[in-house]
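K.L.:
only geometry, no sequence info:
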Ligand SMILES: C[S@@+](CC[C@H](N)C(=O)[O-])C[C@H]1O[C@@H](n2cnc3c(N)ncnc32)[C@H](O)[C@@H]1O
């Protein structure tokens, strides 16, 4: 699976990347009440422009991405000096208020996440096969402090369509995955996307305490 993502980036097969900020982020982030200055974790971040939107709205961003290509493209398309360092197995690049950790999300641990106070998942959970999604939800819960919130944007496919990525994740699975550690609020379901028929669902999550 990992190599498949690296191949996608190498070959430019990145249909998931949006050339504009996701409208659901703009619409719903303010309602989460995340204080300015709070650092936002963006797992499986790609080169999402949503990170720039968060940074412009006074949130330091910590993105985690497997593909070096994605990170280099993000930095090349941005403005400002880039500083680089290593932390454990991660190569970290910082540009302005955005730091990008290149490596496997599942190797990113709580010591490195000390300042994180919110998260943003668009197309991260749904990038993972069913067997890995449980691990993702648990790992995310370990990184997010009690009381902290986040926005989750998932996707539904036609009934019986098990193909992916992106994988379809129904509301019942979202609840099953996250309810043990988060309070959930379903914010909206998008209209079917032209062509694919995929429908996005937007959720607000708040981490329950105590830490897992
Ligand atoms: C569907 S894309 C979504 C990217 C981004 N969130 C967006 O909205 O454009 C999933 C991304 O996760 C990355 N990825 C997959 N598995 C990963 C892992 N275990 N750790 C870090 N990144 C991973 C892939 O390289 C890919 O860029």
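P.N.:
Done, it's in. What you see is a predicted model; the values in this text were computed from it and never measured.
K.L.:
tell me the contacts of the spatially most central residue of the chain?
P.N.:
The centre of the chain sits closest to residue 121, judged by CA atoms, centre = their mean, with a distance of 2.9 Å. Residues in contact with residue 121 (CB atoms under 8 Å, 6 or more residues apart in numbering) are 42, 43, 44, 140, 150, 151, 152, 153. Using the backbone N, CA and C atoms, a C-beta is placed for each residue, glycine as well.
K.L.:
and the closest residue to the last one other than its chain neighbours, how many neighbours?
P.N.:
Spelled out, it's residue 153. Nearest residue to residue 153, sequence neighbours excluded (CB to CB, 6 or more residues apart in numbering): residue 122, at 4.2 Å. With neighbours defined by other CB atoms under 10 Å, the count for residue 122 comes to 25.
K.L.:
Tell me how far residue 122 lies from residue 11.
P.N.:
From residue 122 over to residue 11 the distance is 22 Å, taken as CB to CB, to the nearest Å.
K.L.:
and what of residue 35?
P.N.:
Separation of residue 35 from residue 11 (CB to CB) stands at 41 Å.
K.L.:
circling back to that earlier point, so the residue nearest to the centre of the chain, which of the three states?
P.N.:
Under the three-state scheme (DSSP: H, G, I helix; E, B strand; the rest coil), residue 121 adopts strand.
K.L.:
Show me what it is bridged to.
P.N.:
Here residue 121 shows beta-bridge partners residue 152, assigned using DSSP bridges.
K.L.:
Can you pull the residues of the chain lying near the ligand?
P.N.:
Counting by CB under 6 Å from any ligand atom, the chain comes close to the ligand at 5, 16-17, 44-46, 48, 64-67, 70, 104-106, 122-124, 127.
K.L.:
Just the buried residues of the residues you listed.
P.N.:
Using 16 or more other CB atoms under 10 Å as the burial test, those include 5, 44-46, 48, 64-67, 70, 105, 122-124, 127 as buried.
K.L.:
Tell me the buried residues in stretch 178-196?
P.N.:
By 16+ other CB under 10 Å, the buried positions in stretch 178-196 come out as 178, 181, 182, 184, 187.
K.L.:
In contact with the third one, which residues?
P.N.:
Put plainly, it is residue 182. 141, 205, 206, 207, 208.
K.L.:
before we move on, what about the second one?
P.N.:
Taking CB under 8 Å, 6+ apart as the contact definition, residue 181 lies against 137, 138, 141, 207, 208, 212.
K.L.:
how much space is there between it and residue 208?
P.N.:
Using CB to CB, we find residue 181 at a distance of 6 Å from residue 208.
K.L.:
Could you pick out the longest helix of this protein?
P.N.:
Taking DSSP state H as the criterion, the chain has its longest helix at helix 130-143.
K.L.:
can you give me how far it is from the chain middle?
P.N.:
12 Å (CA atoms, centre = their mean, to the nearest Å).
K.L.:
what does stretch 82-93 give?
P.N.:
The chain centroid and the centroid of stretch 82-93 are separated by 19 Å, computed with CA atoms, centre = their mean.
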